[in-house]
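Visitor: Could you look at this predicted model? Sequence included:
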Amino acid sequence: MLSVKEIAEALGAEWHGDGTLMVNGAAEPASARTDQLAVALTKGFQAQLGQGAAKVALLPTGVDWTQFALEAAIQAPRGRLAMAQLTATLAPNPVPPGVHPTAVLHPTAEISETAAIGAFVSIGAGASIGHGCQIAEGCRIGANVRLGQGCILHPNVVLGADGFSFVTATPAHVEVARTSMGQEAPPQMDDPTWHKIHSLGGVVIGDNVEIGANSTVDAGTIRPTQIGNGTKIDNLVQVGHNAVIGDHVLLCAQAGVAGSTVVGDRTVIGGKAGLADNITVGEDVVIGGGSVVLSNVPDGRVMLGYPAVKMTTHVESYKALRRLPRLLARLAGQKSGSQAPKD
């Protein structure tokens with residue numbers, strides 16, 4: 001349990017009222033107990049404060065906390081940032097300290113004494129786990145994978161799996177389609193066998209990276225796949241072999257980055273978005289959810305659609321598509337001489 005004063009200091013926020021009140025967790029206002037902090041950062045949640053039993057609430061700066069019959073309040077100027085700091089203060093460590101007895105660690109792996117290794121984790125030869133890393137249960141860290149300091153891997157993350165890279169003895173139909181843009185007929189192949197190109201390069205991950213459950217970062221072919229400092233990867237994300245992901249990038253759930261693609265610093269890739277292989281996405285780019293990027297993207301661009309285009313272009317195209325039935329009906333009416341429907 002923490003006092004109101006201690007929580008406010010952890011958030012860098014102001015506190016009012018009884019700073020000695022003890023708090024045992026957070027809750028939405030309508031369901032908050034007397035020992036919980038009611039999180040009421042919007043007007044909708046503030047209206048629910050009378051429905052619960054909370055004595056203390058987290059409120060935006062400038063709101064008159066005395067109107068809610070509270071005994072104390074914590075006030076912060078930026079709500080979502082306060083939420084990040086509050087949850088970090090109240091959340092337990094996702095992985096207990098130490099090495100779980102079921103973990104399998106290769107004798108050549110270098111693991112910091114401050115790292116926490118969960119149940120059934122496997123760490124391969126030559127891997128390096130930095131100071132303060134937390135590796136949750138079921139993770140597999142392959143050979144020659146390097147994690148910087150303060151990284152968090154959620155359950156069942158795989159680092160260093162072989163990349164999906166195959167080649168045929170003679171050019172396959174997919175190669176011909178790509179080079180000819182679909183203009184040439186598929187070739188006749190005497191030997192359609194797919195020969196695997198193995199991944200020898202490992203994975204290098206920077207400091208303070210977080211990777212969500214069931215996500216995978218494939219090993220590079222010769223050089224390592226790279227994830228930059230401060231990057232956050234959601235659940236069910238795939239990063240292909242040889243990709244280079246910059247610093248402070250966000251990859252949302254089910255996003256996919258194909259092999260040898262470069263993603264610049266501070267870029268945000270929305271859920272279910274996909275990036276083609278061997279392209280470069282610049283810094284400070286936003287890729288909307290479900291978009292598919294097939295070519296290079298300059299710095300600062302906001303992209304939507306399939307194929308992904310500038311957001312302004314996509315919106316105009318969508319508006320035109322919405323108008324299309326009316327335009328066709330008008331055209332049909334003009335040809336038949338009948339009255340066209342009004343917009």
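Guide: Alright, I've got the coordinates.
Visitor: And the helices in the chain, which stretches?
Guide: In the chain, the segments counted as helices under DSSP state H are 4-11, 43-46, 79-90, 173-180, 311-336.
Visitor: List the buried residues in the last one.
Guide: Read that as helix 311-336. Residues Met311, His314 are the ones in helix 311-336 that count as buried (16 or more other CB atoms under 10 Å). (Glycine included, C-beta is placed from N, CA and C.)
Visitor: just to revisit the earlier point, could you say which one of the helices of the chain comes nearest to Ile211?
Guide: helix 79-90 (17.6 Å; CB to CB).
Visitor: Quick one: mean pLDDT over that closest one.
Guide: Here helix 79-90 scores 93 as its mean pLDDT.
Visitor: count of residues packed around the closest residue to Ser31 other than its chain neighbours?
Guide: Leaving aside its sequence neighbours, Ser31 sits nearest to Gly52 (CB to CB, 6 or more residues apart in numbering; 5.8 Å). Close neighbours of Gly52, defined as other CB atoms under 10 Å, add up to 19.
Visitor: Distance to Gly290 added to the helices of the chain, as JSON lines?
Guide: Shown next, in JSON lines, are the helices of the chain (distance: least, CB to CB, whole Å):
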{"stretch": "helix 4-11", "distance to Gly290": "35"}
{"stretch": "helix 43-46", "distance to Gly290": "28"}
{"stretch": "helix 79-90", "distance to Gly290": "24"}
{"stretch": "helix 173-180", "distance to Gly290": "23"}
{"stretch": "helix 311-336", "distance to Gly290": "11"}
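Visitor: Compare those helices and give me the one nearest Val145.
Guide: Short answer: helix 79-90, nearest of these by CB to CB, at 26.3 Å.
Visitor: Report all helices and strands that the closest one contacts.
Guide: For helix 79-90, the packing partners by 3 or more CB pairs under 8 Å, 6 or more residues apart in numbering; DSSP states H and E come out as helix 4-11, strand 26-27, strand 37-39, strand 56-60.
Visitor: and with 7 Å instead?
Guide: helix 4-11, strand 56-60 (3 or more CB pairs under 7 Å, 6 or more residues apart in numbering; DSSP states H and E).
Visitor: that older thread, between the helices of the chain, which one is closest to Pro60.
Guide: Comparing those by CB to CB, helix 79-90 comes nearest, at 5.9 Å.
Visitor: Using CSV, list the CA coordinates for that closest one.
Guide: Provided in CSV are the C-alpha atoms of helix 79-90 (Å, rounded to 0.1, in the frame of the first residue of the first chain):
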residue,chain,number,x,y,z
GLY,A,79,-4.0,12.3,-18.1
ARG,A,80,-2.6,9.4,-20.1
LEU,A,81,0.9,10.2,-19.0
ALA,A,82,-0.4,10.1,-15.4
MET,A,83,-2.0,6.7,-16.2
ALA,A,84,1.4,5.4,-17.4
GLN,A,85,3.1,6.6,-14.2
LEU,A,86,0.3,5.3,-12.0
THR,A,87,0.2,1.9,-13.4
ALA,A,88,4.0,1.6,-13.3
THR,A,89,3.9,2.6,-9.6
LEU,A,90,1.1,0.1,-8.7
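Visitor: between the helices of the chain, which gets nearest to Phe68?
Guide: The nearest among these, by CB to CB, is helix 43-46 at 7.2 Å.
Visitor: Average pLDDT for the closest one, rounded please.
Guide: 96.
Visitor: Could you pull out the buried residues of that helix?
Guide: Buried, per 16+ other CB under 10 Å, within helix 43-46: Phe45, Gln46.
Visitor: low pLDDT regions in this protein?
Guide: 337-343 (pLDDT under 70).
Visitor: what do you get if the cut-off is 80, keeping everything else the same?
Guide: Applying pLDDT under 80 to the chain picks out residues 93-94, 335-343.
Visitor: what residues are up against the closest residue to Pro187 other than its chain neighbours?
Guide: For Pro187, ignoring the flanking residues on the chain, the nearest one in space by CB to CB, 6+ apart is Val176 at 5.8 Å. Counting by CB atoms under 7 Å, 6 or more residues apart in numbering, Val176 makes contact with Glu184, Pro186, Pro187.
Visitor: which residues does the first one contact?
Guide: Put plainly, it is Glu184. Val176 are the contacts of Glu184 under CB under 7 Å, 6+ apart.
Visitor: Give me the distance between it and Ala276.
Guide: From Glu184 over to Ala276 the distance is 20 Å, taken as CB to CB, to the nearest Å.
Visitor: what about stretch 116-127, distance to the chain center?
Guide: 23 Å (CA atoms, centre = their mean, to the nearest Å).
Visitor: Show residues contacting that stretch.
Guide: 93, 95-100, 102-106, 108-109, 111, 129, 134-145, 160.
Visitor: Neighbours of the spatially closest residue to Gly98 that is not a sequence neighbour, how many?
Guide: Excluding its sequence neighbours, the residue lying closest to Gly98 (CB to CB, 6+ apart) is Ala116, at 6.5 Å. Using other CB under 10 Å, Ala116 has 21 neighbouring residues.
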